[in-house]
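Novice: Return atomic coordinates for the entry below.
(3 chains)
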Amino acid sequence: MSDMRSRIYLLVKQIPAGRVATYGQIARLVGPPCDAREVGSAMAALGPNTDVPWQRVINSQGGISTRGYRQRALLEAEGIEFNEKSLTNLKRFGWKGPEFAWLVENGFTPLAPPEEEEPPPPPEQLSLL
DNA sequence: GTGATGACGATAT
DNA sequence: TATATCGCCATCA
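Specialist: Numbering: from 1, shown residues only, chains lettered A, B, ... in the order given. Below you'll find the model as predicted:
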């Protein structure tokens, strides 16, 4: 098994039941040269008795990319809800991602380390044009 | 080695 | 808002 797919699977295993992550999100966590398509390809390569929760990986629209009813049924069984357009609300069910410490300990290099600093205060003057 | 492919995603129209 | 196009890149035949 390729190193990249191993890393993809390792990350997907971190997604807790009742939450979902997007292909692009996983790809960003793995880091370049991995991309969303590669994540999808990795999911497709999984066998039927895998311990990887592949059903928790969906597209950036919050929708299912697989054919048929299987994936949606599995997710609904975990409490994920779909709207009339068969999309989930990523704001509610989206996974935040693993802890920073987890990424470091597992050899990942997060592109966006936790920011403790406050964002720069907005300028006072609003109507100066 | 080379070319086709895909469970994607961002952008353009 | 919806459809079409293009970029992406490891795999696979």
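
Novice: Could you tell me how far the residue sitting nearest the centre point of chain A is located from A:Glu84?
Specialist: The residue lying closest to the centre of chain A (CA atoms, centre = their mean) is A:Ala21, at 2.6 Å. Separation of A:Ala21 from A:Glu84 (CB to CB, to the nearest Å): 23 Å. The way it works is simple: take the backbone N, C-alpha and C, and place the C-beta from them, glycine included.

Novice: Up against DNA strand B, what does chain A have?
Specialist: Proximity of chain A to DNA strand B, by CB under 7 Å from any atom of the strand, involves residues A:22-25, A:35-41, A:43-44, A:46, A:54-55, A:57, A:59-61, A:65-66, A:71.

Novice: Filter the residues you listed down to the buried ones, ChimeraX style.
Specialist: Typed into ChimeraX, the line below selects the buried ones among these, using 16 or more other CB atoms under 10 Å:
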select /A:22,23,25,36,38,39,40,43,54,55,57,66,71
